[in-house]
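**Student:** quick one: sequence plus predicted model below, questions after.
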Amino acid sequence: MKELVEIIAKALVDNPDEVVVTETEKDKAIIVDLKVAPSDMGKVIGKSGRIAKSIRSVVSAAASKTDKKVIVEIDN
């Protein structure tokens, strides 16, 4: 999941070098933490959170084969 989020985020932002993705596991959930440059936050979140919601949907679809829930958190 980490690689998927990283590829999507780097394609969206102006500063792909500042994209940092970390992955932690808790119980039956995988938490993917995405950090981008403050100037790129708008590009990752999108109008009304549409892009962030789309990223979460793609990751959720990719995780459907596993029994774990994937949570994507976006920070700057």
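**Tutor:** All right, it came through fine.
**Student:** grab the nearest non-local neighbour of Lys10.
**Tutor:** Distances taken as C-beta to C-beta, 6 or more residues apart in numbering put Pro16 closest to Lys10, at 4.0 Å, once the chain neighbours are dropped. The way it works is simple: take the backbone N, C-alpha and C, and place the C-beta from them, glycine included.
**Student:** ramachandran coordinates for the one you found?
**Tutor:** As for Pro16, its main-chain torsions (degrees, to the nearest 10) stand at phi -70, psi -20.
**Student:** that one: neighbour count?
**Tutor:** 14 (other C-beta atoms under 10 Å).
**Student:** and the pLDDT for it?
**Tutor:** Note on Pro16: pLDDT of 93.
**Student:** distance between the ends of stretch 36-53?
**Tutor:** 16 Å (C-alpha to C-alpha, to the nearest Å).
**Student:** can you point out the buried residues in the helix ranked longest in the chain?
**Tutor:** For the chain, the longest helix by residue count, based on DSSP state H, is helix 50-62. Buried residues in helix 50-62, counted by 16 or more other C-beta atoms under 10 Å: Ile51, Ala52, Ile55, Arg56, Val59.
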